[in-house]
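>>> generate a structure from the sequence data that follows.
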Amino acid sequence: MTIELLPLCTFTGDIGSPFVLGATPAGQRLIFQVTDGRAEGERLSGRQVGQVDGDWLTIGADGTGTLDVRLLIETGDGALVLIQYHGRVDTTTPNAPIYTAPRFETGDERYQWLNQIQAVGKGTRDGATLTYEVCEVR
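Residues are numbered from 1 along each chain as shown. Predicted structure coming up:
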């Protein structure tokens, strides 16, 4: 069985300074607000809406960062799409790639196909900006 990756979009998100909870039972916990997010692609494009978009990052004792992210975007034609993803990053290596597994939820008929796909993403962080290339897995 062959895995195909179909380009879905490039996601760019600007993040603010983290809220640092310190050493919690789960590990070092940081919460970043996503202050501006954009999905740009032929198959999915939209802009972040609302004020509850964020990245809950937990860093384990070995330096493995585990992401838990939720974003709400509005497409150019008015559909609301929830994007949720988990992922991993090696926080001990500067500029290490960030790997994610986005899922989508929408009630808009035009974008129902998003509810049925699994996506993967690979990203980088440049200062306060995160950029991910996101592909549908087939």
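
>>> which other helices and strands contact the longest strand seen in the chain?
Of all the segments of type strand in the chain, defined by DSSP state E, the longest one is strand 27-40. For strand 27-40, the contact count by 3 or more CB pairs under 8 Å, 6 or more residues apart in numbering; DSSP states H and E identifies strand 5-15, strand 19-24, strand 46-48, strand 54-59, strand 64-75 as packing neighbours. Where C-beta positions appear, they are placed from N, C-alpha and C, glycine not excepted.

>>> kindly export the second one (C-alpha atoms) in CSV.
Taking Å, rounded to 0.1, in the frame of the first residue of the first chain, the C-alpha atoms of strand 19-24 are listed here in CSV:
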residue,chain,number,x,y,z
PHE,A,19,2.2,31.9,29.4
VAL,A,20,4.7,29.7,31.3
LEU,A,21,3.1,27.4,33.9
GLY,A,22,6.4,25.8,34.8
ALA,A,23,6.9,22.2,35.8
THR,A,24,3.5,20.6,35.9
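
>>> quick one: it to strand 27-40, angle?
Here the directions of strand 19-24 and strand 27-40 differ by 140 degrees (axes from the mean of the first three to the mean of the last three CA atoms, to 10 degrees).

>>> okay, the helices and strands packed on strand 27-40 in TSV with distance to residue 86, mean pLDDT and mean neighbour count next?
Formatted as TSV, the helices and strands packed on strand 27-40 follow (distance: least, CB to CB, whole Å; pLDDT from 0 to 100; neighbours: other CB atoms under 10 Å):
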stretch	distance to residue 86	mean pLDDT	mean neighbour count
strand 5-15	15	97	19
strand 19-24	18	95	10
strand 46-48	19	97	20
strand 54-59	10	95	19
strand 64-75	6	97	18
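
>>> just to revisit the earlier point, and the longest strand of the chain, how far from the chain's centre?
Centroid separation for strand 27-40 versus its chain: 8 Å, with CA atoms, centre = their mean, to the nearest Å.

>>> go on, stretch 69-82?
On the basis of CA atoms, centre = their mean, stretch 69-82 is displaced by 13 Å from the centre of the chain it belongs to.

>>> between the helices and strands packed on strand 27-40, which gets nearest to residue 129?
Nearest of the helices and strands packed on strand 27-40 to residue 129, taken as CB to CB: strand 5-15 at 5.4 Å.
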